[in-house]
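need a structure here:
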Amino acid sequence: MVDAVVTVALDRLLQMLTSQGLEFIRFDRDFKEVRTELLYIKSFLKDAEKIKQVNQMEMLRIIMQELREMVYDVEDIMEDFELHRLKIHGRCASLSSLKFFCEKRKRLGIVRERMTKARERITTYLGTALALPGQGPEWRRQQLKNPILVDEAVTVGLAEDRQKIGECLLEASGHLTVIGIVGMGGIGKTTLAQQIYNDSSLREQYGYIIFLTVSRSFELKELIRSMLRKLNESEDSMRGDTWDLLRTLHHKLDKKYLIILDDVWGADEGLWWESLKSGLPHRAGSCVIVTTRDEEVARSMGATHRCIHHLRLLSEENGWSLFSKVVFARDGGQCPNKDLEVIGKEMVSQCRGLPLAIKIAGGMMAAKEKCADEWSQISKHLKQELANHNKDKVVFSTLCLSYEELPTHLKPCFLSLAMFQDTEILLHKMIHWWIGEGFIRERNGKTAFEVGEECINELLDRCLLIGSSKTLFQNKFFGCILHDMVRDMVIKIAREENFMCLDDKGRPSLCVQSRRGGILRSINLERFELNSKSLRTFVGMQIEDSVLKTLCQNMSQLKRLRVLDLSLSTTSNADLIDENSLSKIGLLQHLICLKIENCRLKKLPNSITNLRKLQILRLYNWPNLRRLPPSITTLEQLNIMQIFGCDSLECMPKGFSNLHNLQTLWGFTPGSWRHKGECRVAELRHLNQLKILLIEIKSEDQIVGEELNILPQLQVLKIEVRNGSSELAGKINNWFSSLQQLQRLRLYGFQGVTTPTWLNPTSLPNLRNLAIVFSERLVKLNPVFWNTQNAKWKVEVIVLMHLDELDEEWHMIKGALPCLKLLKVEVCPKLKLFPFDVTSKGQWKKG
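I've put the predicted structure just below:
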């Protein structure tokens, strides 16, 4: 498989060289020569895509490895130029600048010579001279508009299986019943388990329903913690050993429960299950559903013959039905012509009844033109893949073809999934990483994050991701999981293409030559090499404070780092970390994305001002953080700033008007009008690109009337009121009069008796999503809410949660909101005549 990262990096470099070559005019000739060599390499990559002979693959691998390093070297030089440009910022060249230019010219010359020699070897290898291709960056894709999210919408042939599992659940009358779903990889075990988990009727039968992926590399302690998090247990209660956690779990499961353990293997001879079972109370009717490829695993966990269900392969008719629903989703699942049907059925036949293989093949074809010639070519390619692999590896062959057919820019995005193991992957983590490494960028008037969301949707549509958790507002996914076979495939390719460092179990690791690496949980950092000067991305997941300390001590060795994403363990020892731990963060001058979660430090160091290229800053759950350093307002490249879960934060420093590239600002805490040196909302008037604002209010003197009118371009506004009072509610009522572009509004903790006067269709004419939550004193929607004579509401989604006193009728809300498609309600006991139970949780969907 041709190296995806090289191709994407080449496109990016060609664009950078075109836009920046003339800025450093003295290097114009050097840049043009390097650019020409890059174009020759790009020509080779196009030819390499066609090479399939096994005896040539080893030579191809060696050539790709050499090209990869050269492209990375050129990219590093370009990044150095960009950083230097930001440093001098219009100043005249100094002696240090002249020295910088001399060093870079010498390095460019060395790389150019290596490229020329490589081109000569490539010409010999191909037996023909390379020609220059088109010179623009390639975004080879058919845009998938309005994502279909086939992973949750499309299933075929599982109705009977669901019924049989349902019968087992109903018959469970003993203390704890284990039910096994057994079948080969890709046959639909996870899909069936998710359908059971999402069955709303089961919510009435069980007090708790938990879904967890186990997989091969799980740790029992972390599995129990994941269960407790699903039960909303506090992190403080998870600091003990495994037996302490089991006791906590036993105490927490105080009602009838259903636990679904997906993708269980036979590791540890079942000892882990005996330990876990000791923490599960034997409440009558409680069940554990386990999905596994091995029937013996289900039996060893206590599933009887009657409670073991084997999934069957799909018939050709059901297989074609599933394929059609994926490929022709926008045509109602109907194939538009006979030629495509013949080719499509041939592809389905090659998938041999395996639902995952059929869905992946369908997801691949959904992105293609409905052209018989192109379909026929891909069908032949699938046959070739099956010929190159063991005939039993149908799913793997289909996955390999699906990867090869991905648009070039999407391949490194997909490979980055190898970093994450069996837990849910938060999509913002992925997109921020892609931005940091330059895999995605602003395009066609869309922000880089919006382009990232498009990439996520395309991977979902191609059935390479499975959507999991959904947002409160838009009913779209904010988390995803990987099928275990997709995970195996992405790990294999990531290793082959040297995309990142992975250990023998497929877990993220570090080594001297790593460009991307990570640490999972409490692994001892001492056995890793942290002197990799090539490292670009480091992801630490649930790491101990000692790991952070070691990492900070070695920051001088990580000068190429672009993405630093750290999530500290909430159970670690706070005494091991001191206030100077992050003092060397300023050495990471190429850093584009900085994310640190669950940190107990009281401040960020002033050296953060050296991070001139920083575009993304995310600090989550810093309970002791009181102030941000004033130097943070010098980071003019910031696009995304998310500071939340920082309950001690008093205010933002003055100078936010300098951050003119900000597009997203979460956790903005305005200062008091009584104090100088604190940032007021009025400063945000200069942020013309700001679209998303989450603002936290703690006192009345943070608000000035009509202040928010200065942000007419806002599309998303979330107002969170802490320690609310009726006086503060009055101030919020006069905070603004109109936000014409606002599409999503969330009002949290508002303590007025009626909703604000600006919550009306005239002031918010483009509002699509509205949420009002935890407003315990709210009794009525303001009369202006119902005034639709001059303007009509366009609201499509409304969420009402924990509104103890709200007294409104369903027919009034439905009548006032003609575009309403989805209504969610949770614990609003005084609502009247709603079509579901408003004292707990319910929802209404149009149609």
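
and residue 264, what are its bridge partners?
On the basis of DSSP bridges, residue 264 is bridged to residue 292.

now do the same contact list for it.
Shown in contact with residue 264 (C-beta atoms under 8 Å, 6 or more residues apart in numbering): 214, 290, 291, 292, 297, 301. Using the backbone N, CA and C atoms, a C-beta is placed for each residue, glycine as well.

ok, it to residue 609 distance?
Using C-beta to C-beta, to the nearest Å, residue 264 is found at 50 Å from residue 609.

and the contacts of stretch 500-515?
Contacts for stretch 500-515 (C-beta under 8 Å, 6+ apart): 72, 216-217, 415-416, 418-419, 421, 487-488, 491, 494-495, 498-499, 516-520, 528-532, 534-539.

buried subset of those residues?
Buried subset of the contacts of stretch 500-515 (neighbour count, 16 or more other C-beta atoms under 10 Å): 72, 216, 415-416, 418-419, 421, 487-488, 491, 494, 498-499, 516-520, 528-530, 532, 534-539.

so which strand or helix has residue 457?
Using DSSP states H and E, residue 457 sits in helix 448-461.

let me know the next secondary structure element after that helix.
Sequence-wise, the next helix or strand downstream of helix 448-461 (DSSP H and E) is strand 466-467.

just the contacts of residue 264: which has the poorest pLDDT?
The member of these with the lowest pLDDT is residue 214, at 86.

flag the shaky bits of the stretch 401-550 of the chain, pLDDT-wise.
Low-confidence segments of the stretch 401-550 of the chain (pLDDT under 70): 422, 470-475, 512, 521-532.

please apply the same query to the stretch 201-350 of the chain.
Applying pLDDT under 70 to the stretch 201-350 of the chain flags the ranges 267-270.

before we move on, the earlier item: mind giving me the ChimeraX command for buried ones among the contacts of residue 264?
To isolate the buried members of the contacts of residue 264 in ChimeraX, using 16+ other C-beta under 10 Å:
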select :214,290,291,292,297,301
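
rewinding a little: narrow the buried ones among the contacts of stretch 500-515 to those in strands?
516, 517, 518, 519, 520, 537, 538, 539 (DSSP state E).

so which of those residues comes closest to residue 235?
residue 520 (17.9 Å; C-beta to C-beta).

beta partners for that closest one?
With DSSP bridges as the rule, residue 520 is bridged to residue 541.

that one touches residue 423, doesn't it?
No: when contacts are counted by C-beta atoms under 8 Å, residue 520 is not listed as touching residue 423 (9.6 Å).

where do the strands sit along the stretch 351-500 of the chain?
Along the stretch 351-500 of the chain, counting by DSSP state E, counting those that start in this stretch, strands occupy 425-426, 466-467, 479-481.

quick one, which of these gets closest to residue 570.
When the strands of the stretch 351-500 of the chain are compared by C-beta to C-beta, strand 425-426 sits nearest residue 570, at 15.9 Å.

what's near enough to touch residue 285?
Residue 285 touches 172, 173, 205, 256, counting by C-beta under 8 Å, 6+ apart.

considering those, which possesses the most neighbours?
residue 172 (20 neighbours; other C-beta atoms under 10 Å).

dump the residue contacts of the residue nearest to it when sequence neighbours are not counted.
Leaving aside its chain neighbours, residue 172 sits nearest to residue 287 (5.0 Å; criterion: C-beta to C-beta, 6 or more residues apart in numbering). Shown in contact with residue 287 (C-beta under 8 Å, 6+ apart): 168, 169, 172, 176, 177, 178, 179, 257, 258, 259.

what helix or strand does the second one sit in?
The secondary structure element spanning residue 169 is helix 159-171 (assigned by DSSP H and E).

for the longest helix anywhere in the chain, which residues meet the burial criterion?
Longest helix of the chain, by residue count under DSSP state H: helix 54-88. Buried positions in helix 54-88, judged by neighbour count with 16+ other C-beta under 10 Å: 60, 63-64, 66-82.

on that earlier part again, take the strands of the stretch 351-500 of the chain and write them to CSV, including distance to residue 379.
What follows is these, written out as CSV (distance: least, C-beta to C-beta, whole Å):
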stretch, distance to residue 379
strand 425-426, 32
strand 466-467, 26
strand 479-481, 29
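
figure out which of the ones you listed is closest to residue 621.
Evaluated with C-beta to C-beta, these place strand 425-426 nearest to residue 621, the distance being 13.8 Å.

who does the closest one pair up with?
If you go by DSSP bridges, strand 425-426 pairs up with strand 479-481 (antiparallel).

any chance you could list what contacts the partner strand?
By C-beta under 8 Å, 6+ apart, the surrounding residues in contact with strand 479-481 are 213, 424, 425, 426, 427, 456, 460, 465, 466, 467, 468, 469.

TSV for the contacts of residue 287, including distance to residue 833?
Listed next are the contacts of residue 287 as TSV, based on distance: C-beta to C-beta, whole Å:
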residue	distance to residue 833
168	38
169	33
172	36
176	41
177	39
178	43
179	39
257	33
258	32
259	37
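
just flag the most distant two among those.
168 and 257 (15.5 Å).

run through the residues that contact residue 731.
Residues near residue 731 by C-beta under 8 Å, 6+ apart: 700, 703, 705.

next helix or strand past the one helix or strand it maps to?
In this structure, residue 731 is located in helix 726-733 according to DSSP H and E. Where DSSP H and E defines the elements, the next helix or strand beyond helix 726-733 is strand 744-748.

and that next one, what does it pack against?
Under the contact definition 3 or more C-beta pairs under 8 Å, 6 or more residues apart in numbering; DSSP states H and E, strand 744-748 sits against strand 716-721, strand 769-773.

between strand 744-748 and the shortest one, find me the angle.
What separates the directions of strand 769-773 and strand 744-748 is an angle of 0 degrees, with axes from the mean of the first three to the mean of the last three C-alpha atoms, to 10 degrees.

which parts of the stretch 501-650 of the chain are strands?
Ranges of strands within the stretch 501-650 of the chain are 516-520, 537-543, 563-568, 593-597, 616-620, 640-644, based on DSSP E, counting those that start in this stretch.

then the stretch 201-350 of the chain?
Ranges of strands in the stretch 201-350 of the chain, per DSSP E, counting those that start in this stretch, are 208-213, 257-264, 287-292, 308-310.

point out the most buried one among the ones you listed.
The highest mean neighbour count among these, using mean count of other C-beta atoms under 10 Å, belongs to strand 287-292: a mean of 25.

do I have it right that residue 230 meets residue 210?
Yes: counting by C-beta under 8 Å, residue 230 does reach residue 210; the two are 4.8 Å apart.

about what we covered before: and the helix holding residue 169, average pLDDT?
90.

what's the angle from it to strand 287-292?
140 degrees.

give the next helix or strand downstream of helix 159-171.
Later in the chain than helix 159-171, the nearest helix or strand by DSSP H and E is strand 177-182.

got the angle for that next one vs strand 287-292?
With the same axes, to 10 degrees applied, the angle from strand 177-182 to strand 287-292 works out at 20 degrees.

report the distance from strand 177-182 to the chain centre.
Distance of strand 177-182 from the chain centroid (C-alpha atoms, centre = their mean, to the nearest Å) equals 31 Å.

and the next helix or strand past that strand?
Beyond strand 177-182 on the C-terminal side, the first helix or strand identified by DSSP H and E is helix 189-197.

can you pull the buried residues of that following helix?
For helix 189-197, by 16+ other C-beta under 10 Å, it's 189, 190, 191, 192, 193, 194, 195, 196.

with stretch 645-662 instead?
Neighbour-count burial for stretch 645-662, counted by 16+ other C-beta under 10 Å, picks out 645, 646, 649, 651, 652, 653, 654, 656, 658, 659, 661, 662.

in strands, which of the residues you listed fall?
Counting by DSSP E, those contribute nothing to strands.

now render those residues as TSV, adding pLDDT and distance to residue 364.
Formatted as TSV, the buried residues of stretch 645-662 follow (pLDDT from 0 to 100; distance: C-beta to C-beta, whole Å):
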residue	pLDDT	distance to residue 364
645	89	40
646	90	44
649	90	47
651	90	51
652	92	47
653	92	50
654	91	53
656	92	46
658	92	46
659	94	42
661	94	37
662	96	38
